[in-house]
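Sequence first, predicted coordinates after that:
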Amino acid sequence: MTLKRTTNRKVLWRHGAVAAFAATLGMMMTAPAHADYEDGLQAYKNGEFTKAQDLWVRFGSAGDIRSKLALANIYSGFTPGKANCTEFGSARLPEDDEEELKTRLRARTNDLNDTGVIVDPDEISIKPDAEKALAWYILTGYHDFYSYSQNPTTEEYEAKIVAQQCIISLQRIMRDDEVVRAQDTVEKVLAGGTDYDLFRLAMMYRAGAGLPKDNIRALQYLIVADNNARFGSSVGNSERRMLEATMPELDQKLASDLAANWQPPLPTAFEGKTPRELELARLEEEIRARELRLELASLEGEFDENEDLLQSALAALGFYGGKIDGSVGPETRNAMRAFQYAVAREDMNITPEEARDKVTGYLSNEQKVELIERAARREHPQSMYVYGIMHARGIGIPIDGAEAVRWWEKSAGNGYALSHFALGRAYQEGIAGKNPVAQNLTQSTFYYGQAAALGYAPAATELRQLRYDFNAADNTTGSQR
């Protein structure tokens, strides 16, 4: 807890006894913060990276500038107490280069590790993150010692100067949307703090220091700080009056409305899902993956070896030129690799080397769904039929009756008997879910007839049953109707 100071400097610390007490209290408050930073540093040296991060977030949010700089540095790929912002230059950030990242992470920890044990970069849970780095550099570079009643050391002043230099260097290589998200993080950290933090947030918005200049947001947070004041008059009371005097009435009204409806951000512990919810989500994902695997296996099992679903789809896309025989040999594996590489290369954000890393020669369930979809869009009759089945049953995609019918009709237009049969069944039984398909026995009879004419024997059986049902209905009389 920090000692609240009034903004009226003429009456501030009027009596020597009060000043002496304040100085003593300031020393008592400053020492533990440094100790907490040191605790985080020791945890980092011991390889307890998550513990170090948690300590620095806790005490950085409470106003310890060294903890703030430590977080900014580690998110930049530097050691906690040392930054070389010229390394940003015009190059990409380290997370974009796996080898550079590992080199920097290894150096980062081994420079600190008193035991001499080589640390595996893959075990480091804190990876460079440009947005988080910029957020904590802003919080460090625009730290206000006066607002927190702190008597800074030379090291703490230097931390502020280093952070300001890093802000400039880092922003040069970041996209505008990344900078905005970093600024949102700054607002969240300060908005979740004390009235001192809210006052500091307001002043940053008012001056355009670290955050975009915005008088409405500045007044909003001054009002919130005033309402939250716990030690007498608000730290921002006079600032609020001065700002209101320069603002149009409509802007004041908007700021007041924003303040009235403002809610502090939830603590990190309450963000996202609970451990129980995460476990249930994991189990649900496992069940869905198993169901998808079984459904796809059932679809593949509908075809003989000379109509193998995956080989046929790969051939339709030009990746496979061998015999369709259901045998997954080297030629089929190579076709699967070619398909995987082609899909990966469509992502403009990855390099050819990264695309090759995605090539395995074994298709995942999701890749099988994508393969069938792509072949269907190339108007491969068998794939269009299967893609329709997937829409009708919700296999890897949401159930959509209209889409199922559309794909079957396209396939049936190429004389594919199974699609005629599927349409006959769809109109006989209907399809529920999104864009449902209603029963229509006339349409069902037509499509079963088409499938039977193309030599699909089960269609002839269904057609006979439908005709029998029609005749039975026509022969019903009297009370039997």
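Structure received. Residues are numbered from 1 along each chain as shown.

residue ranges with poor pLDDT in the stretch 201-350 of the chain?
229-236, 266-277 (pLDDT under 70).

ok, which stretches of it are helices?
Counting by DSSP state H, counting those that start in this stretch, the stretch 201-350 of the chain has helices at residues 215-228, 237-246, 249-260, 275-301, 309-316, 330-345.

Output the ones you listed as TSV; include the columns distance to residue 421 and mean neighbour count.
In this view, the C-beta of every residue, glycine as well, is placed from N, C-alpha and C. Output for those, formatted as TSV (distance: least, Cβ to Cβ, whole Å; neighbours: other Cβ atoms under 10 Å):
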stretch	distance to residue 421	mean neighbour count
helix 215-228	64	23
helix 237-246	74	15
helix 249-260	62	14
helix 275-301	15	12
helix 309-316	17	23
helix 330-345	28	18
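
Please name whichever of those helices is nearest to residue 190.
Closest to residue 190 of those is helix 215-228 (Cβ to Cβ; 8.3 Å).

Who are the packing partners of the closest one?
Applying 3 or more Cβ pairs under 8 Å, 6 or more residues apart in numbering; DSSP states H and E, we find helix 215-228 packed against helix 195-207, helix 237-246, helix 249-260.

what ranges do the strands span in the protein?
When assigned using DSSP state E, the chain turns out to have no strands.

Could you tell me how many residues sit around residue 63?
Residue 63 has 24 neighbours, counted by other Cβ atoms under 10 Å.

so it sits right up against residue 150, yeah?
Yes. Counting by Cβ atoms under 8 Å, residue 63 does reach residue 150; the two are 7.2 Å apart.

now for the helices of the stretch 201-350 of the chain, which one comes closest to residue 425?
Nearest of the helices of the stretch 201-350 of the chain (Cβ to Cβ): helix 275-301, 15.2 Å.

and stretch 325-343, C-alpha only, in PDB?
Extracted in PDB, the C-alpha atoms of stretch 325-343 (Å, rounded to 0.1, in the frame of the first residue of the first chain):
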ATOM      1  CA  ASP A 325      -6.600 -49.800 -55.500                       C
ATOM      2  CA  GLY A 326      -6.900 -48.800 -51.800                       C
ATOM      3  CA  SER A 327      -3.300 -49.700 -51.200                       C
ATOM      4  CA  VAL A 328      -1.500 -46.900 -49.300                       C
ATOM      5  CA  GLY A 329       2.100 -47.400 -50.600                       C
ATOM      6  CA  PRO A 330       4.900 -45.000 -51.300                       C
ATOM      7  CA  GLU A 331       3.200 -43.400 -54.200                       C
ATOM      8  CA  THR A 332       0.100 -42.600 -52.200                       C
ATOM      9  CA  ARG A 333       2.200 -41.300 -49.300                       C
ATOM     10  CA  ASN A 334       4.000 -39.000 -51.700                       C
ATOM     11  CA  ALA A 335       0.700 -37.700 -53.000                       C
ATOM     12  CA  MET A 336      -0.500 -37.000 -49.500                       C
ATOM     13  CA  ARG A 337       2.800 -35.100 -48.800                       C
ATOM     14  CA  ALA A 338       2.300 -33.100 -52.000                       C
ATOM     15  CA  PHE A 339      -1.200 -32.200 -50.900                       C
ATOM     16  CA  GLN A 340      -0.100 -31.200 -47.400                       C
ATOM     17  CA  TYR A 341       2.700 -29.000 -48.800                       C
ATOM     18  CA  ALA A 342       0.400 -27.300 -51.300                       C
ATOM     19  CA  VAL A 343      -2.100 -26.400 -48.600                       C
END
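
next one: that stretch to chain centre, how far?
Chain-centre distance of stretch 325-343: 32 Å, with Cα atoms, centre = their mean, to the nearest Å.

right, and the helices and strands packed on helix 215-228 - which one's nearest residue 456?
Between residue 456 and the helices and strands packed on helix 215-228, the tightest spacing by Cβ to Cβ is seen for helix 249-260, at 66.7 Å.

Okay, the closest residue to residue 414 other than its chain neighbours and residue 426: tell me how far apart.
Spatial nearest neighbour of residue 414, chain neighbours left out: residue 381 (4.3 Å); criterion: Cβ to Cβ, 6 or more residues apart in numbering. Applying Cβ to Cβ, to the nearest Å, the value for residue 381 to residue 426 is 17 Å.

Next: residue 299.
Residue 299 is 16 Å from residue 426, where distance means Cβ to Cβ.

where does the stretch 51-200 of the chain have low pLDDT?
For the stretch 51-200 of the chain, the ranges with pLDDT under 70 are 81-126, 147-148.

how far away is residue 174 from residue 166?
Counting by Cβ to Cβ, the gap from residue 174 to residue 166 is 12 Å.

rewinding a little: closest one to residue 441 among the helices and strands packed on helix 215-228?
Using Cβ to Cβ, the nearest of the helices and strands packed on helix 215-228 to residue 441 is helix 249-260, at 60.9 Å.
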